[in-house]
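In: whatever this is, show me its structure:
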Amino acid sequence: MRKIIPVDIFGACGNLTCAGSQHRKERDKEVCLPMLTDHYKFYLSFENSFCKDYVTEKFFKLFQNIDVIPVVQGGFDYKKNLPSNVFVDSLDFRVTLPNL
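Out: Model (predicted):
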């Protein structure tokens, strides 16, 4: 994806953090989620566990007055359970990983 557009990474895997409240739930609700709408068009919503029919609540938070498109990857059957125009399924794109 970085070959096509800039990708910012927040949290433990990245070097960016969301400024604001020290309390995570308050920070997510009051600062971080609205910041997405102001600065981003897409949100990577990848599951850290690929369990059949499991989808994190974080995915559904994106539909609470947040104007971004989630890019999803997980064990949940997004195509079967959600309208196709509310997400991008990363599995629709072929990726060739380098030999490590």
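In: C-alpha only now, for contacts and for neighbours.
Out: Fine.
In: okay, strands next: where are they in this protein?
Out: 42-46, 69-73, 88-89 (DSSP state E).
In: what mean pLDDT does the last one get?
Out: Averaged across strand 88-89, pLDDT comes to 90.
In: now swap in the first one and tell me
Out: Average pLDDT, strand 42-46: 82.
In: cool, the second one as well?
Out: For strand 69-73, mean pLDDT is 87.
In: for it, packing partners?
Out: Packed against strand 69-73 by the contact rule (3 or more Cα pairs under 8 Å, 6 or more residues apart in numbering; DSSP states H and E) you find strand 42-46, strand 88-89.
In: okay, now the sheet partners of that strand, with direction.
Out: Note on strand 69-73: by DSSP bridges, its sheet partners are strand 42-46 (parallel), strand 88-89 (parallel).
In: want to throw those strands into JSON lines with distance to residue 11 and mean neighbour count?
Out: Shown next, in JSON lines, are these (distance: least, Cα to Cα, whole Å; neighbours: other Cα atoms under 10 Å):
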{"stretch": "strand 42-46", "distance to residue 11": "12", "mean neighbour count": "18"}
{"stretch": "strand 88-89", "distance to residue 11": "22", "mean neighbour count": "19"}
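In: now these in a markdown table, with distance to residue 72?
Out: Formatted as a markdown table, the strands paired with strand 69-73 follow (distance: least, Cα to Cα, whole Å):
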| stretch | distance to residue 72 |
| --- | --- |
| strand 42-46 | 5 |
| strand 88-89 | 5 |
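In: mind checking which of those is nearest residue 4?
Out: Closest of those to residue 4 is strand 42-46, at 13.2 Å (criterion: Cα to Cα).
In: so how many other residues sit close to residue 92?
Out: 8 (other Cα atoms under 10 Å).
In: ok, it to residue 72 distance?
Out: To residue 72, residue 92 is 10 Å away according to Cα to Cα, to the nearest Å.
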